[in-house]
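*Asks:* Following is a predicted model, sequence given first.
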2 protein chains.
Amino acid sequence: MIYHGDAYQYILQTPDILLEIFRKKEEILKDSIELVKKHKIDEIFLSGSGSSYNATLAAATFAKKKLGIRVTPVFPVELSEEITVFPQNSLVIGISQQGTSTAVIQALDKVRETEIPTISMTGEYDTEIVSHADANIYVECGYEDAGSTTKGYTATVLTLYLFLLEVAKNSEGDLKLKEEEMTVYEERIQKVILNLPKLLPICEKWAEKEAKKLRTCTDLIILTESNQKSLLLEEVLKISETSRFPVRGYEACEFIHGMYNAVTEQTEFLYLFSQSGSDSKEMQHLYEYYKGKNKQYAVNTQKENDDGLYAEFLQDSDFSTLEYTIPFQMLFVKASRERGIDLNIPKDPQFHHYMGSKIGQ
Amino acid sequence: MIYHGDAYQYILQTPDILLEIFRKKEEILKDSIELVKKHKIDEIFLSGSGSSYNATLAAATFAKKKLGIRVTPVFPVELSEEITVFPQNSLVIGISQQGTSTAVIQALDKVRETEIPTISMTGEYDTEIVSHADANIYVECGYEDAGSTTKGYTATVLTLYLFLLEVAKNSEGDLKLKEEEMTVYEERIQKVILNLPKLLPICEKWAEKEAKKLRTCTDLIILTESNQKSLLLEEVLKISETSRFPVRGYEACEFIHGMYNAVTEQTEFLYLFSQSGSDSKEMQHLYEYYKGKNKQYAVNTQKENDDGLYAEFLQDSDFSTLEYTIPFQMLFVKASRERGIDLNIPKDPQFHHYMGSKIGQ
């Protein structure tokens, strides 16, 4: 499939899209929360491929740590294989932004052979996936006519945060989120969204400059703290897909444990300093270690310097995925252009047809 | 730290080591099973870095699917961050083959501030980690004096299988593994181990030939079915560490979803056909798709051909990690030598000292 939209414009639209989702959250979640209210839910399984899967990681970390709700991301194929051993009182959400992922649809069908309730989540109205679940959540980001998703990822992350908060509010006993706690979370989310427009120009300037440096890169390693797994996987996927060269990504501690041996003179590093994980010290050590040895890029440095993006991120310990994603997305769209690639034309437009991996292709 | 042993000899010793562990299993697990018997256990968290983490993935998949025991792999830093929200009746096992990983030791210390019982697991006697847990399991593979673990990984996988079977035998109610089921599992494990010596010569011949082809590789993608995540991560780590160039690894379905865009003319592919996942069809499609376009390597082809390793693997649906690991390990040791690298000398012998990531370095 070939696309015709402008991925960069979709990034610029993101603050407005997120604000709109935030404001319309009750309407967006009505159908799914009605379903939730009918069931006792002890664990939620979130399933998707690519960016959809990556989005679930951000939501799962938040729900587990802050809401005490067990949320487990699974690939669709694992869902199909493991459904028979899922705990009682599970809920399964299958996510496909375009609504056409055969893997997710097949997995939902498998789940529906059991008693476990299912929710589909998609960015496009009336697509195939909607008829394969008990309820549906629309990711209201508008049609994304681009070969690589940007606003769809961010909107999915936000919608999942809001859904899980609502689930917590409707929980029984210890897990029930109190009205005043809910308000604090919602205020923090809103604050992050409202801060985004201010970040756009400085992120753009940084991405413009760094994309030029990435033009000749043949080997990139992205490093993050352990609590940024969602962004880590998402940026590895997106830079790989759109700039089309080998990109690897590691959490700082795992990189230190052994993978550092695979750094060559050609390796360039891209750091996300989120300042909220227990391994932020290790990130700083790595940055210092490779300084002068390898080309480096950095997002959210704590002071102004030549290598990095220094901007007024709110550094929210739970919701900062929504803000850090902006400079990364700008970087991959611009880097792709610098490298002469049209990200709207897949490497092989017949690939999904050959593999049978998307409906209608 | 610089090592002096011969990694290749350790691979050749693996069948004997595994058989010895299998025979001595009661003695090896005595201490830990005594601890298990004193507690009700609903979930087991397995934590380690690098190969130790990778080993836990094989064990977790088996325990979840076949024993109905919830086993969750976590990185040490996540363990530290998430321990406060662990479910009641958890058990934590911290694994460090050398016994000196500061991340694992610190994580165990955090767990011990709670009521949750802890077990350390290490390959070396009387190392630091042993004094940071309530019980200990020795991975009886003997000292591994090599810059990259081979027998340690395989022995850890086996020891975890045996431990989890023993836990299931000691469970109450529905989860209790019956004596006759236990016997069947043990017989299957033994059969896989006893089949290994026969595989060694043909794996060696294959690895010898393919290592020469890998001499000039600058970009390798390893593809497996979804149920081989343990081997997938392990081989990506090991080839990266020892051959020191960019190696990426994906499950077939995830690769198809988008990452395939990042394939270049230089990309070479290494397939593991385990024939037991629900995505084995996709693996075959990919192999056909890239034939003639990119250089390919394959383990466990179903017929004799020029590209792949065709050998009498037992293809056991649960325990085949123990057999497929052999040709991969032979390949990475030989490829490293072909590329003129001494895997016993880390890229920077002072790295762990600088990072403070291993005790005594």
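*Replies:* Perfect, I can see it now.
*Asks:* my guess is A:Asp109 is in a helix, correct?
*Replies:* Yes: judged by DSSP: H, G, I helix; E, B strand; the rest coil, A:Asp109 forms part of a helix.
*Asks:* Helices of the stretch 251-361 of chain A, start to end?
*Replies:* Ranges of helices in the stretch 251-361 of chain A, per DSSP state H, counting those that start in this stretch, are A:252-257, A:280-290, A:321-338, A:351-355.
*Asks:* Report the central residue of chain A.
*Replies:* A:Ala55 (3.1 Å; Cα atoms, centre = their mean).
*Asks:* so which strand or helix has that residue?
*Replies:* helix A:50-62 (DSSP states H and E).
*Asks:* State the mean pLDDT of that helix.
*Replies:* Across helix A:50-62, pLDDT averages out at 96.
*Asks:* can you check stretch A:123-138 too?
*Replies:* Stretch A:123-138 comes out at a mean pLDDT of 95.
*Asks:* Report the distance from it to the chain centre.
*Replies:* Between the centre of stretch A:123-138 and the centre of its chain there are 20 Å (Cα atoms, centre = their mean, to the nearest Å).
*Asks:* list the buried ones in it?
*Replies:* Of all the residues in stretch A:123-138, those buried under the rule 16 or more other Cβ atoms under 10 Å in any protein chain shown are A:123-124, A:127-130, A:132-138. Every residue, glycine included, has its C-beta placed from N, CA and C.
*Asks:* for these, which one is nearest chain B?
*Replies:* Ranked by distance to chain B (Cβ to the nearest Cβ), those are led by A:Ile129 at 14.8 Å.
*Asks:* I figured the closest one was touching A:Leu108, is that so?
*Replies:* Yes: with contacts counted by Cβ atoms under 8 Å, A:Ile129 reaches A:Leu108, the gap being 7.2 Å.
*Asks:* Report how many residues lie close to the closest residue to A:Met283 other than its chain neighbours.
*Replies:* In space, and not counting its chain neighbours, A:Met283 is closest to A:Ala252: 4.9 Å by Cβ to Cβ, 6 or more residues apart in numbering or on different chains. When neighbours are defined as other Cβ atoms under 10 Å in any protein chain shown, A:Ala252 has 25 of them.
*Asks:* what pLDDT does A:Ala252 get?
*Replies:* 93.
*Asks:* show me what contacts it?
*Replies:* Contacts for A:Ala252 (Cβ atoms under 8 Å, 6 or more residues apart in numbering or on different chains) come out as A:223-226, A:279, A:282-283, A:286.
*Asks:* one more time with 6 Å
*Replies:* Contacts for A:Ala252 (Cβ atoms under 6 Å, 6 or more residues apart in numbering or on different chains) come out as A:223, A:279, A:282-283.
*Asks:* and A:Asn65, how many neighbours does it have?
*Replies:* One thing to correct before we go on: residue A:65 is Lys, not Asn. By other Cβ under 10 Å, the residues close to A:Lys65 number 15.
*Asks:* How about it, nearest residue that isn't a chain neighbour?
*Replies:* Distances taken as Cβ to Cβ, 6+ apart place B:Val85 nearest to A:Lys65, at 6.1 Å, with adjacent residues excluded.
*Asks:* just A:Lys169 next, same as before
*Replies:* Per Cβ to Cβ, 6+ apart, closest to A:Lys169 is A:Leu177, 4.8 Å.
*Asks:* and what of A:Gln296?
*Replies:* A:Phe269 (4.8 Å).
*Asks:* How far does stretch A:273-291 stretch from one end to the other?
*Replies:* 15 Å (Cα to Cα, to the nearest Å).
*Asks:* what does stretch A:258-274 give?
*Replies:* 23 Å.
*Asks:* Going by neighbour count, which residues of it are buried?
*Replies:* The neighbour-count check on stretch A:258-274 (16+ other Cβ under 10 Å) flags A:258-263, A:266-274 as buried.
*Asks:* repeat for stretch A:160-167
*Replies:* Neighbour-count burial for stretch A:160-167 flags A:160-167 (criterion: 16+ other Cβ under 10 Å).
*Asks:* coming back round to it: ok, now how distant is the residue nearest to the centre of chain A from chain B?
*Replies:* A:Ala55 is 14 Å from chain B, where distance means Cβ to the nearest Cβ, to the nearest Å.
*Asks:* so that residue touches A:Ala155, yeah?
*Replies:* No: assessed by Cβ atoms under 6 Å, A:Ala55 is found out of contact with A:Ala155, at 8.7 Å.
*Asks:* what's the nearest residue to the closest residue to chain B within the stretch 51-200 of chain A if we skip its chain neighbours?
*Replies:* Residue of the stretch 51-200 of chain A nearest chain B, by Cβ to the nearest Cβ: A:Val77 (4.5 Å). What sits nearest to A:Val77 in space, not counting adjacent residues and going by Cβ to Cβ, 6+ apart, is B:Ser226, at 4.5 Å.
*Asks:* Can you give me the pLDDT of that neighbour?
*Replies:* 88.
*Asks:* What is the burial count for it?
*Replies:* Burial of B:Ser226 is recorded as 24 neighbouring residues (other Cβ under 10 Å).
*Asks:* Please apply the same query to A:Glu181.
*Replies:* 15.
*Asks:* Work out for me the element it sits within.
*Replies:* Assigned by DSSP H and E, A:Glu181 belongs to helix A:179-213.
*Asks:* Would you mark the buried spots in that helix?
*Replies:* Buried residues in helix A:179-213 (16+ other Cβ under 10 Å): A:185, A:189, A:192-193, A:195-196, A:199-200, A:203-204, A:206-207, A:210-211.
*Asks:* Quickly note the distance from the residue nearest to A:Lys65 to A:Leu199.
*Replies:* Separation of B:Val85 from A:Leu199 (Cβ to Cβ, to the nearest Å) stands at 31 Å.
*Asks:* Next: A:Asn54.
*Replies:* Separation of A:Asn54 from A:Leu199 (Cβ to Cβ) stands at 21 Å.
*Asks:* and chain A, which of its residues are near chain B?
*Replies:* A:49-50, A:64, A:68, A:77-78, A:80-81, A:85, A:103, A:219, A:226, A:240-241, A:244, A:246, A:253, A:256-259, A:261-262, A:278-279, A:285, A:347, A:355, A:357 (Cβ under 6 Å from any Cβ of the partner chain).
*Asks:* May I have the beta-bridge partners of the residue nearest to A:Tyr287 when sequence neighbours are not counted?
*Replies:* Nearest residue to A:Tyr287 in three dimensions, chain neighbours excluded: A:Tyr271, at 5.8 Å (Cβ to Cβ, 6+ apart). Here A:Tyr271 shows beta-bridge partners A:Leu223, A:Ala298, assigned using DSSP bridges.
*Asks:* Parallel or antiparallel, list what pairs with the helix or strand hosting A:Leu46.
*Replies:* Here A:Leu46 sits within strand A:43-48, counting by DSSP H and E. Strand A:43-48 has the following strand partners under DSSP bridges: strand A:70-74 (parallel), strand A:90-95 (parallel).
*Asks:* Just name the most buried of the ones you listed.
*Replies:* strand A:90-95 (a mean of 26; mean count of other Cβ atoms under 10 Å in any protein chain shown).
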